[in-house]
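> What follows is a predicted structure for the sequence shown.
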Amino acid sequence: MFDLLPAQLPWWVVGPGLGLLVAGLFLVNNQPLGASGAYVQTSGLIRRRPDTAVWRVWYFAGMFLGGLVVTQVLRDNAGGDVRSGYDALTGTFSMPVVVIIIFVGATLLGYGAAVAGGCTSGHGLCGISQRSPASLTMTATFVTTAVVVSLTMRAVFGGAL
């Protein structure tokens, strides 16, 4: 259709925006922002748990719908192909291999979030802002692991990814 959004917003817009969002959520609701918490609350709503925070269900739905709108509607997609956001992977591997990689990665991510007591966004944005030693340790672990894996993949695949 048309290219409405820039490829990347400047850090000086996104950083303060996230900071204000996190601080505002603590002021209004006294709760942290986190994707895994939204997933847990959504599954609680599906299982009809009475202690479900409905705003987190809307947050979870918004993450999905927002990604769908940006990748499928607001980006120029003259070929009519469904865009996945995994062009580098699909350019290197076949689609069945990409699906397996994404499934394994998502499973490990979910398991890690359960073991860590939260996801990267929850620990990095909210836990550190609350000066949680566990969140500081978890965020340092996430970042270190991401750097090591990225450098390893770059070395193994010659920069193709």
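Cool, the structure landed.
> which sections of this protein are below the confidence cut-off?
Within the chain, the segments meeting pLDDT under 70 span 1-7, 74-85, 160-161.
> could you pull out the helices for it?
Using DSSP state H, the helices of the chain run over residues 11-29, 35-46, 54-68, 87-92, 95-116, 120-121, 128-129, 133-157.
> Determine which stretch of the ones you listed is the most buried.
Ranked by mean neighbour count, the helices of the chain are led by helix 120-121 with a mean of 20 (mean count of other CB atoms under 10 Å). Where C-beta positions appear, they are placed from N, C-alpha and C, glycine not excepted.
> contacting residues around it?
With contact meaning CB atoms under 8 Å, 6 or more residues apart in numbering, helix 120-121 is reached by 33, 34, 35, 113, 139, 142.
> Torsion angles phi and psi at the second one?
Main-chain torsions, residue 34, degrees, to the nearest 10: phi -170, psi 140.
> show me what contacts it?
118, 119, 121, 122, 123, 125, 126.
> Report the two of the contacts of helix 120-121 separated the most.
The span of those, defined through CB to CB, is set by 33 and 142 at 16.3 Å.
> need the contact list for residue 133.
Going by CB under 8 Å, 6+ apart, residue 133 touches no other residue.
> quick one: it and residue 16, what's the gap?
According to CB to CB, to the nearest Å, residue 133 and residue 16 sit 25 Å apart.
> what's the answer for residue 67, then?
23 Å.
> try residue 147
For residue 147, the distance to residue 16 equals 25 Å [CB to CB].
> Find me whatever residue is spatially closest to residue 53, sequence neighbours aside.
residue 41 (5.1 Å; CB to CB, 6 or more residues apart in numbering).
> Show the contacting residues for that neighbour.
So residue 41 contacts 52, 53, 54, 56, 57, 60 (CB under 8 Å, 6+ apart).
> got the contact list for the fifth one?
Yep, that's residue 57 we're talking about. For residue 57, the contacting residues are 38, 41, 42, 45, by CB under 8 Å, 6+ apart.
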